Structure formats: structure tokens, C-alpha cells
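> Structure, please.
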Amino acid sequence: MLDRSSKAGGSRVARALAAAGVVATLAAAHLAAPVPAGAAVSRSQLALRWAPIHYQDVDATGTHALGGRSDYIARIDFDGDLNGRNNWDRAGQTGTSLAAHVYYSVVETSTHWYITYLFFHPRDWADHPFFETEHENDGEGVLFAIERDGSTYGVLRAAVTVAHSDFYSYTPAGSTWTDGRENIDGALQFQASPHDAFEHPVTAQEAQGHGLKAYPQYAINGDGLVYYPSTVAETPSDGNDRDVRYRLVDIFAADGLWAQRSTPSLFAGLGTFAGDASGDCGSGTWSCSTNSANAPWGWDDGNDVPARGEIASDPAKLSAEYFTIPGGVARTYTYNPYASAAAALAEAARTAPRTVD
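Predicted structure coming up:
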């Protein structure tokens with residue numbers, strides 16, 4: 001499951017090439033191959049098309065920041081194993097890879113595609129002693145709802161992001177979706193990528209706690225990274241690298257995250273990553289909590305109607321609750337691997353204690 005691709009100072013090289021006037025040529029060479037006319041788009045192509053350009057604020061202050069590396073996104077097995085209880089310590093060790101990866105899942109109805117993206121950090125950390133809790137592992141993300149309008153990739157109508165234990169909803173300019181049970185929190189912006197031919201939605205995460213919202217509700221404040229969707233994984237050259245490509249990883253792959261959902265070294269419960277208080281987690285801060293990060297089927301806004309995990313496992317329901325949608329949405333799934341465990345998910349959501357990410 002490992003990919004140890006690295007960037008080797010790519011952002012500095014890119015700036016030098018820009019000065020020489022050759023960046024446009026390089027960008028053209030990296031354009032995503034178009035889908036042939038009339039061909040059905042694959043789920044991986046859909047995920048790559050709509051994957052966000054992602055702004056990550058970086059804080060290098062304090063020992064828990066690891067010089068900014070604690071704010072780099074990574075694979076869950078960045079250290080070579082599927083043990084969630086050693087990630088805090090190994091994030092600071094040499095020989096581990098913080099090459100950029102983002103997890104995704106696609107579920108389908110006859111009217112919409114729903115794509116969930118998970119951004120993982122080995123640490124949720126703080127740099128001051130008062131009122132802040134750290135924990136091992138951190139999983140935040142976003143759901144995109146895409147209408148199947150007959151075009152190759154459809155049209156993106158709305159997004160719901162995960163910032164700790166709260167969800168925030170957004171619509172792009174021109175969307176037909178409006179306020180539902182929840183008020184829309186802002187506009188979803190788009191930005192052209194230098195690595196393909198598309199404009200992508202733009203998301204952002206804060207440093208330390210890594211809450212995720214639509215850009216610029218979070219933004220880079222000083223040092224920061226700009227991640228671009230791609231088919232390769234790059235490691236930032238430093239904490240202020242503005243061109244880092246990330247690789248997508250399918251949650252539903254044969255050996256993927258969903259297949260590992262009952263692995264006790266990785267999950268303490270359904271949708272809850274295993275994490276302990278080893279090492280210096282909590283040292284100099286308020287505390288270090290355990291088992292406090294979630295996979296998409298564990299995400300929850302406890303004040304809202306959708307149950308725990310339904311942002312990923314039943315996104316049509318969540319969309320119908322959050323938005324007013326002309327014509328509604330189909331509620332029967334034509335593809336939804338989460339549904340194979342729907343009863344277990346529902347029971348676990350009903351009985352599980354609330355976790356804070």
C-alpha cells in the first residue's frame with residue numbers, strides 16, 4: 001500500500017522554470033488525457049476530475065509541529081504498517097514518507113454521483129498549554145454532490161466539509177441547490193490546475209487541528225502548502241511549497257481502507273481510528289485523547305439529522321436534508337459498497353459514543 005514518490009525540491013525547480021518561460025510547456029505535458037467521446041467515465045476518473053485543489057496552512061512552531069511536517073497530508077500507512085497507535089511517534093522519525101495522498105470513495109444513484117475525500121494527518125496537535133487537546137491521527141474531509149446531467153463528468157452542485165465535529169455546506173456559483181434544513185455557509189470556488197485541463201473546487205485546512213472548509217474560509221497564513229490532484233505523490237520540499245501533487249487512493253480498493261475497517265490495530269471501532277497517548281502527545285498541552293479521529297463512515301455532526309457516517313454511506317439522504325434540490329435526488333443506490341454493511345453502520349451509529357476529531 002506504500003508509495004514513496006518524492007518531490008526532490010520540485011517547487012524551487014518549478015519557480016526556476018517559470019523564470020525561463022517554460023512552465024506552460026511542462027503543464028501541457030501533464031494534462032489529463034480526455035475521455036473519448038461517448039465513453040463511460042470510470043469512478044477513478046470522476047474522482048480525479050473533481051478532486052480539490054487544497055490549501056494547507058502550516059505552523060512550524062513548537063516541537064510537536066516537527067518543523068511543519070505535522071501539517072503535511074499523508075497515507076495512513078505512511079510508516080509502512082497499519083498500526084494507528086504508533087503514528088504520532090513515527091511522524092517524526094526519519095525514513096517515513098509524508099508523500100501526499102488523499103483517499104476517496106464514489107457512490108452512485110441514477111441522478112447523482114457522490115464523491116467523498118479524506119485528508120489524513122498523523123497528528124492533531126497544539127503548540128500552547130491551555131484548553132487544547134492533541135490526539136494521534138486526524139481525518140477530515142469533504143463530500144461533493146455531482147448531478148448526472150448527461151455530460152461526461154456531470155456538474156458539481158454542492159459540497160459539505162468536515163471541520164472537527166461540525167459540517168459546513170457550500171454551493172458553487174450557478175448551482176440550482178439552495179438552503180434546506182441547514183443554511184448554506186458560503187460559496188465554493190474553482191481554480192485552474194497547472195497539472196491538467198480542468199478547473200477544480202478549492203478547499204483548505206487550518207494548521208494543527210486541520211478543520212476543513214471551502215477556501216478561503218480557511219486560508220494559508222504565512223507558511224503553507226498548495227496540493228494539486230494528480231496520479232503521482234510528491235513530498236513537499238519544505239513547509240512553504242505552493243505546488244505539491246497528491247495521489248488519490250480508492251477507499252473501496254481490494255486492500256483499501258474499507259476492507260481494513262475491522263483491523264483492530266487500525267480501528268478501535270467502526271469508523272474510529274485507533275490512537276493512544278504514547279510519546280509526547282499531550283506533553284505541554286491540556287491533554288492527549290485516545291481513539292479520537294474518524295474515517296468517513298465515522299464522521300458526524302451531532303446536531304444534524306443525518307446519522308453518524310451517513311455523509312459517506314448515505315449522501316443522498318444528507319443532501320436532501322441540507323439542501324433544497326429542484327426535482328429532488330434519487331434515494332436508491334446503483335453503486336454503494338458502504339451499503340453492504342448498512343445494518344452494522346446504523347447500529348454502530350446508534351450505540352457508539354460521540355468522538356471528536
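
> Name the next helix or strand downstream of the helix or strand of the chain with the lowest mean pLDDT, please.
When each helix and strand of the chain is scored by mean pLDDT, DSSP states H and E, helix 23-29 comes last, with a mean of 30. Later in the chain than helix 23-29, the nearest helix or strand by DSSP states H and E is helix 43-50.

> Let's see that next one as PDB, backbone CA atoms only.
Below are the C-alpha coordinates for helix 43-50, written out as PDB (Å, rounded to 0.1, in the frame of the first residue of the first chain):
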ATOM      1  CA  ARG A  43     -15.000   6.200 -10.900                       C
ATOM      2  CA  SER A  44     -11.300   6.900 -10.600                       C
ATOM      3  CA  GLN A  45     -11.600   9.400 -13.500                       C
ATOM      4  CA  LEU A  46     -14.500  11.100 -11.800                       C
ATOM      5  CA  ALA A  47     -12.600  11.300  -8.500                       C
ATOM      6  CA  LEU A  48      -9.600  12.800 -10.300                       C
ATOM      7  CA  ARG A  49     -11.700  15.300 -12.200                       C
ATOM      8  CA  TRP A  50     -13.400  16.700  -9.100                       C
END
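
> For it, name the packing helices and strands.
strand 101-109, strand 112-124, strand 133-147, strand 244-250 (3 or more Cβ pairs under 8 Å, 6 or more residues apart in numbering; DSSP states H and E). To be clear about C-beta, it is placed using only N, CA and C from the backbone, and glycine gets the same treatment.

> low-scoring pLDDT stretches of the chain, where are they?
Applying pLDDT under 70 to the chain flags residues 1-39, 129-131, 342-357.

> roughly how far apart are the nearest residue in space to Thr96 that is not next to it in sequence and Ala100?
Ranked by Cβ to Cβ, 6 or more residues apart in numbering and with sequence neighbours excluded, the top spatial neighbour of Thr96 is Asp79, at 4.6 Å. Distance, Asp79 to Ala100, by Cβ to Cβ, to the nearest Å: 15 Å.

> Tell me which of the two has more neighbours.
Ala100 (29 against 21; other Cβ atoms under 10 Å).

> residues in contact with the more buried one?
Ala100 is in contact with Tyr72, Ile73, Ala74, Tyr227, Ala233, Glu234, Thr235, Pro236, Val244, Arg245, Tyr246, Arg247, counting by Cβ atoms under 8 Å, 6 or more residues apart in numbering.

> Could you pull up the residues touching the residue lying closest to Gly68 once chain neighbours are set aside?
Nearest residue to Gly68, sequence neighbours excluded (Cβ to Cβ, 6+ apart): Gly239, at 3.0 Å. Counting by Cβ under 8 Å, 6+ apart, Gly239 touches Val58, Ala60, Gly67, Gly68, Arg69, Asp71, Asp223, Gly224, Leu225.

> So which of the residues you listed sit within strands?
Under the assignment DSSP state E, these contribute Gly224, Leu225 to strands.

> Next, format the contacts of Gly239 as JSON lines and append distance to Asp280 and neighbour count.
As requested, the contacts of Gly239 are exported to JSON lines (distance: Cβ to Cβ, whole Å; neighbours: other Cβ atoms under 10 Å):
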{"residue": "Val58", "distance to Asp280": "20", "neighbour count": "25"}
{"residue": "Ala60", "distance to Asp280": "17", "neighbour count": "18"}
{"residue": "Gly67", "distance to Asp280": "15", "neighbour count": "13"}
{"residue": "Gly68", "distance to Asp280": "17", "neighbour count": "21"}
{"residue": "Arg69", "distance to Asp280": "15", "neighbour count": "21"}
{"residue": "Asp71", "distance to Asp280": "17", "neighbour count": "27"}
{"residue": "Asp223", "distance to Asp280": "22", "neighbour count": "17"}
{"residue": "Gly224", "distance to Asp280": "25", "neighbour count": "22"}
{"residue": "Leu225", "distance to Asp280": "24", "neighbour count": "27"}
